[in-house]
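Student: only geometry, no sequence info:
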């Protein structure tokens, strides 16, 4: 797992630094909850957290690709440690709820960053 540091560098898992934003842990937990139980309440909570997370990172002048890396790091920090990937999700039907949740997160990231 790689973690994005505030200055944009990536680090390896040996020295697990603090996430780029304190919201990252909450985001990871909300993603895990939605991937486990897809409910309207879980979806709304995750959407609100994604928008807050993206807004905060954009305010730090992070480009969208760095925001995406930070988002994936936050999600993978809770759960199985794998970074989510749309391509991997489509290729594997192991957890369709995880794929559905990640599709939503990716869509919200784009909306929050570019609108």
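Tutor: Here it is on my side, so go on. If you're wondering where the values come from, they're calculated on a predicted model, not measured in any experiment.

Student: can you list contacts of stretch 43-55?
Tutor: Stretch 43-55 is contacted by residues 21, 23-24, 26-27, 30-31, 33-34, 67, 70-71, 74, 101, 104-105, 108-109, 111-113 when judged by C-beta atoms under 8 Å, 6 or more residues apart in numbering. All C-beta spots, glycine's among them, are computed from the backbone N, C-alpha and C.

Student: show me how to select, in ChimeraX, the buried members of those residues.
Tutor: Here is the ChimeraX command that selects the buried residues among these (16 or more other C-beta atoms under 10 Å):
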select :21,23,24,26,27,30,31,33,34,67,70,71,74,101,104,105,108,109,112,113
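
Student: keep only those of the contacts of stretch 43-55 that are in helices.
Tutor: 23-24, 26-27, 30-31, 33-34, 67, 70-71, 74, 101, 104-105, 108-109, 111-113 (DSSP state H).

Student: isn't residue 66 right up against residue 57?
Tutor: Yes. The criterion here is C-beta atoms under 8 Å, and residue 66 meets it with residue 57 at 7.4 Å.

Student: between those two, which is the more surrounded one?
Tutor: The neighbour comparison of residue 66 against residue 57 (other C-beta atoms under 10 Å) goes to residue 57, with 26 against 17.

Student: report the contact partners of the more buried one.
Tutor: So residue 57 contacts 20-21, 66-67, 70 (C-beta under 8 Å, 6+ apart).

Student: below-threshold pLDDT in this structure: ranges please.
Tutor: Scanning the chain for pLDDT under 70 picks out the ranges 1-20, 79-94.

Student: now with 80, please.
Tutor: Filtered on pLDDT under 80, the chain yields the residue ranges 1-21, 78-95.

Student: could you report the neighbour count for residue 52?
Tutor: So residue 52, with other C-beta under 10 Å, has 15 neighbours.

Student: isn't there a helix covering it?
Tutor: Yes. Per DSSP: H, G, I helix; E, B strand; the rest coil, residue 52 lies within a helix segment.

Student: for residue 46, see how far away it is.
Tutor: 11 Å (C-beta to C-beta, to the nearest Å).
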